[in-house]
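A.B. asks: Need a 3D model of the sequence below.
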Amino acid sequence: AEDASKNVLTKLAIDAEDAAAALVASCRSPRFSPDGKYVAFLATRDVATHNTCSLLCVMDWATKKTKTLIDVVDEPPAGYTTTVATTAFTGLYCGSLSRKCWSDDGSFLFFSTQMGTRVVWKYVNVSTKEIVSPTYIEGSGIASETILDRDGNHFLLNVTSPVRPASVYLIEMNLAAGTHARPPVLIEDQSKAETHIKDWKLFAIPTKVSDEPAKTKPAPPTPAALKDHLVEQVSSEAAFEATLLVPKTAAPAEGYPVLLDVHGGPHGNSPASYRMPYDYFAALGFAVVSVNYRGSVGYGLKPLESLV
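C.D. replies: This is a model prediction of the structure:
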């Protein structure tokens, strides 16, 4: 349906080419390809959680046939915290697509997403559906690297970590290989800015840490009147994450005092980026532990819905 007086599209029926596209319940952030033949958009299923894991779909504008490029991820891959930190994919957690998300030739779609505690950018091959993890500025030590702007194969990137205020790089990409075509150019450097955090480390926390104590306190039975109105319970055994930040000051004999920071939401996330309050606490001599508990976004669908 189209409002001719305003030239605004108010309703669009899709012709799903695959099972994932058939489950689309809501859509957002439509972006036309450079040749105007296709429109990419983010979508979600009909789920009980907000900020949920998204799909990335592409519609042929002439036929309305729609295919899924990136489906919902149920569980994060094993070792995503450490061994495959640069290549893992834990689901698409992206509020909107950039207005420059299409490559100039329409072959790739670029996006930034939460990957557990990290925030990274990746791109997907529209023809093969392969998700490409590019070479990152800080390699396996990446905390957060996202796209600020793009012109052709040149990208302006924001690079930050808990010990590094945001720095800006200009890179040229070989998109076919996923590598830098030439060394990155540092535009704005804050890597040597004075901070009070000495180091940071990301830990995978097994679910048994919380599940085993919970077994000693079984939930009360569900009243019969509510059984028909409750969503089916979802469980997940995927590890969650905690970030430890250690101050530069020498540790007292009894060890650092520790501040535990648990984000709200509940479907939110505490990213591995520079955060001034944490730097302030480190200046006072505190170590900080920031937890992305099970139910945080960035870890696939099942861990998120297990909190419902």
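A.B. asks: Give me the neighbour count for Val258.
C.D. replies: Val258 has 11 neighbouring residues, counting by other C-beta atoms under 10 Å. The C-beta positions use only the backbone N, C-alpha and C, and glycine is treated the same way.
A.B. asks: Oops, could you answer that again for Thr135 instead?
C.D. replies: Other residues close to Thr135 by other C-beta under 10 Å number 14.
A.B. asks: so how far is Lys100 from it?
C.D. replies: 20 Å (C-beta to C-beta, to the nearest Å).
A.B. asks: how near is the residue positioned nearest the centre of the chain to Asn125?
C.D. replies: In the chain, the centroid-proximal residue (C-alpha atoms, centre = their mean) is Gln114; its distance is 1.3 Å. As for Gln114, its distance to Asn125 is 21 Å (criterion: C-beta to C-beta).
A.B. asks: list the contacts for the closest residue to Asp189 other than its chain neighbours?
C.D. replies: Nearest non-adjacent residue to Asp189, counting by C-beta to C-beta, 6 or more residues apart in numbering: Ser167, 5.3 Å away. Contacts for Ser167 (C-beta atoms under 8 Å, 6 or more residues apart in numbering) come out as Asn158, Val159, Thr160, Leu186, Glu188, Asp189, Gln190, Ser191.
A.B. asks: any chance you could map the strands in the stretch 101-250 of the chain?
C.D. replies: 108-115, 118-125, 131-132, 144-151, 154-161, 164-174, 179-180, 185-188, 197-205, 240-247 (DSSP state E, counting those that start in this stretch).
A.B. asks: would you turn those into CSV with distance to Ser306?
C.D. replies: Formatted as CSV, the strands of the stretch 101-250 of the chain follow (distance: least, C-beta to C-beta, whole Å):
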stretch, distance to Ser306
strand 108-115, 17
strand 118-125, 21
strand 131-132, 24
strand 144-151, 25
strand 154-161, 29
strand 164-174, 33
strand 179-180, 37
strand 185-188, 40
strand 197-205, 14
strand 240-247, 10
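A.B. asks: Looking at those strands, spot the one closest to Ala85.
C.D. replies: strand 118-125 (7.1 Å; C-beta to C-beta).
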